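> I'd like to go over a predicted model; first the sequence, then the structure.
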Amino acid sequence: MSQVLKSLKERPLTIAPDENRNLFQKKCNFCQFNVPYIDYKNLTTLKEYTNYYSKIKPRYYSGTCLKHQKMLSKAIKRARFMALVPYVT
Amino acid sequence: MSAKTYELLLLLKPDKTEKQLNEVITEVKKHITDAKGSVANEEVWGLRDLAYKITKYDRGFYVLIDFLLETDQIQELEDFLRLDQIILRHLLTIPPHQYDPIPYDALREEEEKKMKAKKPVERFDPNKSKQQQHVMHKPKANEEGVEAKPVPEKEAPANAAVIAEALDAKLSKIIDQDVEI
């Protein structure tokens, strides 16, 4: 547990998908920093994984793993409910 | 019974006075402490623009409360929150064990940074449009060049006529020779 807590302080606030990523090479950006939980209040990260129309980007575009994609979708849906992020624009 | 750490985000109506808002917050905290819970942290975000309209309201007053409460008592708290008139919406979540929450100021700063980093929208510039017009004129200059090209072509027929005359002369000479033979 101490290792996880250490990484929390080292980790950047916003985690964005790598733009220069090879599309065939799947690489989860959250797994690199060992993210245990995606906060629904961290709006800058959520916006990186949403569309221009504020739809959730599919996994084959962002390259996130299934575990973190489920966390992401949950966080985005919570933020939508509290009117922090729009449903549709 | 086991106690759990909960995270509660409240969305309050913005048109109420500060006294009314503070009353609601104190009531919620009192409800928690009465049920043998303890408030760990309270964070007032203040007024914020909503992403979409909720029953005619464009803005909202956000308050975040972290507390420790037994799992039996949570249903009563939910009912209390649902029946309150000033609370627009509420969200109860269970963050993972030993999760240290990110302070709101840091999140807000990050958001403002992102907004500044965005490229400004290019507006109509009369000087720029003139430059573009110059660019648009360039093809016309090319057309003039095309018009200029026919001039040498006009000379070419003259040359051809001279060549044709010479050829005629040669031909006539050859024919004369043939006749002699």
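It's in. Residues are numbered from 1 along each chain as shown, chains lettered A, B, ... in the order given.
> In space, what's closest to A:Lys57 - neighbours in sequence excluded?
Spatial nearest neighbour of A:Lys57, chain neighbours left out: A:Tyr49 (5.3 Å); criterion: CB to CB, 6 or more residues apart in numbering or on different chains. (C-beta placed from N, C-alpha, C; glycine too.)
> what's the answer for A:Glu48, then?
Counting by CB to CB, 6+ apart, A:Glu48 lies nearest to A:Ala16, which is 4.3 Å off, once chain neighbours are set aside.
> do the same with B:Val63
B:Leu10 is the one closest to B:Val63 (CB to CB, 6+ apart), at 4.6 Å.
> where's the one you found, which helix or strand?
Assigned by DSSP states H and E, B:Leu10 belongs to strand B:3-12.
> Report the helix or strand with the lowest average pLDDT across the chain.
In the absence of a named chain, chain A is used. Within chain A, no helix or strand scores below helix A:2-10, which has a mean of 54 by mean pLDDT, DSSP states H and E.
> Let me rephrase: I mean chain B.
Result, chain B / mean pLDDT, DSSP H and E: helix B:126-148, a mean of 55.
> and the longest helix anywhere in chain A, what other elements does it pack with?
Longest helix of chain A, by residue count under DSSP state H: helix A:66-81. Applying 3 or more CB pairs under 8 Å, 6 or more residues apart in numbering or on different chains; DSSP states H and E, one finds that helix A:66-81 contacts helix A:29-32, helix A:43-48, helix A:59-62, strand B:87-93.
> and B:Val39, what helix or strand is that in?
Counting by DSSP H and E, B:Val39 is part of strand B:38-54.
> Please work out which residues outside that strand touch it.
Strand B:38-54 has contacts (CB atoms under 8 Å, 6 or more residues apart in numbering or on different chains) with A:80, A:83-87, B:5, B:11, B:14, B:25, B:29, B:32-33, B:57-68, B:88-89, B:101, B:103-104.
> sec struct for B:Leu69, please.
strand (DSSP: H, G, I helix; E, B strand; the rest coil).
> gap between it and B:Asp84?
Separation of B:Leu69 from B:Asp84 (CB to CB, to the nearest Å): 17 Å.
> try A:Glu48
A:Glu48 is 35 Å from B:Asp84, by CB to CB.
> A:Tyr37 too?
With CB to CB as the criterion, A:Tyr37 and B:Asp84 are 29 Å apart.
> do B:Leu50 as well
Using CB to CB, one obtains 19 Å as the distance from B:Leu50 to B:Asp84.
> The two - which one has more neighbours?
B:Leu50 (19 against 15; other CB atoms under 10 Å in any protein chain shown).
> So which residues on chain B come close to chain A?
Residues of chain B lying close to chain A by CB under 8 Å from any CB of the partner chain are B:9, B:11, B:50-52, B:54, B:60, B:64, B:89, B:91, B:93, B:95-102, B:104, B:106-107, B:110-111, B:114.
> Do I have it right that A:Arg80 meets A:Pro86?
Yes. Counting by CB atoms under 8 Å, A:Arg80 does reach A:Pro86; the two are 7.3 Å apart.
> neighbour-wise, which of those two wins?
A:Arg80 (20 against 14).
> Please report the distance of the residue minimising distance to the centre of chain B from chain A.
Centroid-nearest residue in chain B: B:Lys118, 7.9 Å away (criterion: CA atoms, centre = their mean). Separation of B:Lys118 from chain A (CB to the nearest CB, to the nearest Å): 11 Å.
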